[in-house]
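Asker: coords please:
(chains A and B)
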Number of protein chains: 2
Amino acid sequence: MFFEGSEKKAEVVINKNSFSLLNDISDDFWLQLVACCNAKVLSSIKNENCKAFILSESSLFIWEDRFLILTCGITQLVYSIEYFIKHINAKDILHVTYQRKNEYYSNAQLSSFSDDIELLSKYVKGKAYRFGEMYSHHNYVFHQDNQYQVPPDDISYELLAYQIGESASKFLTNKGLTASDVRAFFCVDELLPDFQLDDFVFDPYGYSLNAISDKDYFTIHITPQTDSSYVSIESSLDLVSLAPKIIEILSPASFDLLGFNDHHFVEKIAENISENYVSNSLVSKILDNGNHVFFTNFITPKTQYTSPIRLDINGKIQVI
Amino acid sequence: MFFEGSEKKAEVVINKNSFSLLNDISDDFWLQLVACCNAKVLSSIKNENCKAFILSESSLFIWEDRFLILTCGITQLVYSIEYFIKHINAKDILHVTYQRKNEYYSNAQLSSFSDDIELLSKYVKGKAYRFGEMYSHHNYVFHQDNQYQVPPDDISYELLAYQIGESASKFLTNKGLTASDVRAFFCVDELLPDFQLDDFVFDPYGYSLNAISDKDYFTIHITPQTDSSYVSIESSLDLVSLAPKIIEILSPASFDLLGFNDHHFVEKIAENISENYVSNSLVSKILDNGNHVFFTNFITPKTQYTSPIRLDINGKIQVI
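Answerer: Reported below is the predicted structural model:
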């Protein structure tokens, strides 16, 4: 069985002078919104500036003036965004962005990025890009094309790690693994002091963590299965500076590092990425919404020949 | 519009003491077989040991005791193999292998490797492997699991080049490009002296070449479009030794080199691949049919940030 960890991600900004997403919208609305992409809310935490839901497929974060939602597997996140657009006054929606990583069993997906953008374009006019080469890791980015400019302090990052080291994969697929085991493994106390934490261990495999502190967020989603392991981390904290620590913990065969609106991204990459990794992709652009987007992919050169993976040809590969 | 250049490939060996595939089977049978995967024969050449057809989607080569067929796009090659199996006495079929590269718009494919193997397994018992990581270039290999052993002189190679250099892509997408232009570009006279040649320029883009000499074959298939360019070369000639010349002509961002049954593959790779390329994948195994299979992928490290590709969000991406 293969779990498609690659995420779809959307962010919507509203006019906070009209109302507060955090305080004026009922949880019921969010449950409905999440149901539209065929996910479920598993748990939540909250502080006075942010609410965070762990979903059956990733996470939802809500602030006063915006929300961010990530979903993986075969969810159709675009339907959740459509739900929001249909239920909120158009004049109060300032900006919509939608993003999607290339998938590895895209034949199991219920729609393509192109399908999703066709649907979104019925409601918002925008531009779309592919960051990264067609024949390698890449990320599709769509943003609404209007007067909205991303504020300078709206900075965020993604670190997507593929094919984690054998010992990490082994540890994370241990039977009876607890949330506290995974927190210790990730040195969460050290990485995220003073964060409020919420996490969930999936059966038989998988782990999700949401962490919030004031307006900051940090989320980890783990698909640990050997031969198709994947760990995604998304945060307002500087993941380029944290990369050496995270890469040491996971030792992935390759990883993507994305930066949004951090104008020092290039220098930070040069400082923080070990020479054991080689850059396979370096792409950047300041979008028309002012967002300076960086997409990078790094690989570890192989020195030894390894064996192929034997496939089970009796049972069809199920993708969830 | 995106053309899925990634190939499916099958080889079937028969008992030549019963009959000759080359001389005892009518062209009409091969036309029917090709039609089963929704491809068409465009032209053919022949010598006393081999017949080669250029197809609307790649190539078919026929020898006395075996045939090799490659098809790309959204063809379903497995149906051609099923057609062969249904029309030839089971006792005369010695060995079936089936191979498939990961696709980039797999959502547009009409079946997955897993589906194909499920169908083939109704007729032949076999084993299947994935050579290469899930999250990077990989190749699926199925082989019938019987007493058959691949003869020591059945050696072949594949060189699959992704995202060729700007000047190569520009030249190969020139309006009015002729077959003779492409032959000159590839130094075909130098690479393939004494080969009988057959080639075809597709409209608006694309080029296929079949070349045969005695029992040797060499085939090139080019999808030259900028941003998704792909060139595949498959041959019984030693493509590892020819790689420096081919890579110089194409300057791809990355390429796969596969070897079948060449026990000196590892040393040849070390000798022939320039240090400008870094190994992203090295996988090998001697299969139970005796075939020593090597899969390697190389990339050029990036040093400069480039711009993303702007996508047309009005027209849906068509995959053919």
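
Asker: now the strand or helix carrying A:I117: buried residues?
Answerer: In this assignment (DSSP states H and E), A:I117 forms part of helix A:113-120. By neighbour count on 16 or more other C-beta atoms under 10 Å in any protein chain shown, the buried set for helix A:113-120 is A:113-118, A:120. The way it works is simple: take the backbone N, C-alpha and C, and place the C-beta from them, glycine included.

Asker: what of stretch A:155-168?
Answerer: Across stretch A:155-168, burial judged by 16+ other C-beta under 10 Å covers A:155-165, A:168.

Asker: likewise stretch A:44-58?
Answerer: By 16+ other C-beta under 10 Å, the buried positions in stretch A:44-58 come out as A:44-45, A:50-58.

Asker: next one: the closest residue to chain B within the stretch 151-300 of chain A from A:S121, what distance?
Answerer: Using C-beta to the nearest C-beta, the closest approach of the stretch 151-300 of chain A to chain B is made by A:Y162 at 4.0 Å. Using C-beta to C-beta, to the nearest Å, A:Y162 is found at 31 Å from A:S121.

Asker: contact residues of the stretch 1-150 of chain A facing chain B?
Answerer: Within the stretch 1-150 of chain A, the positions adjacent to chain B are A:2, A:104-107, A:109, A:112, A:114-115, A:117-118, A:121, A:126-137, A:140-142 by C-beta under 8 Å from any C-beta of the partner chain.

Asker: dump stretch A:226-240 to CSV, keeping only the CA atoms.
Answerer: Output of stretch A:226-240 as CSV, limited to C-alpha atoms (Å, rounded to 0.1, in the frame of the first residue of the first chain):
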residue,chain,number,x,y,z
THR,A,226,10.6,1.9,4.0
ASP,A,227,11.0,2.4,0.2
SER,A,228,8.5,5.3,0.0
SER,A,229,9.1,7.3,3.1
TYR,A,230,8.3,11.0,3.2
VAL,A,231,8.4,13.7,5.9
SER,A,232,7.0,17.2,5.3
ILE,A,233,7.7,20.1,7.6
GLU,A,234,6.0,23.5,7.1
SER,A,235,6.5,26.5,9.3
SER,A,236,6.8,30.2,9.8
LEU,A,237,10.0,29.4,11.6
ASP,A,238,13.2,29.5,9.6
LEU,A,239,13.5,26.0,8.3
VAL,A,240,16.7,26.8,6.3
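
Asker: now check it, is it near chain B?
Answerer: Yes - applying C-beta under 8 Å from any C-beta, one finds stretch A:226-240 touching chain B at A:227-228, A:230.

Asker: which among the residues you listed end up buried?
Answerer: The buried subset of the residues of stretch A:226-240 next to chain B (16+ other C-beta under 10 Å) comprises A:228, A:230.

Asker: could you dump the residues of stretch A:226-240 next to chain B to a markdown table with pLDDT and secondary structure?
Answerer: Formatted as a markdown table, those follow (pLDDT from 0 to 100; DSSP: H, G, I helix; E, B strand; the rest coil):
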| residue | pLDDT | secondary structure |
| --- | --- | --- |
| A:D227 | 83 | coil |
| A:S228 | 87 | coil |
| A:Y230 | 96 | strand |
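
Asker: about what we covered before: give me every residue that touches the closest residue in space to the residue of the stretch 151-300 of chain A closest to chain B that isn't next to it in sequence.
Answerer: Leaving aside its chain neighbours, A:Y162 sits nearest to B:Y135 (4.0 Å; criterion: C-beta to C-beta, 6 or more residues apart in numbering or on different chains). For B:Y135, the contact set (C-beta atoms under 8 Å, 6 or more residues apart in numbering or on different chains) comprises A:104, A:137, A:162-163, A:228, A:230, A:253-254.
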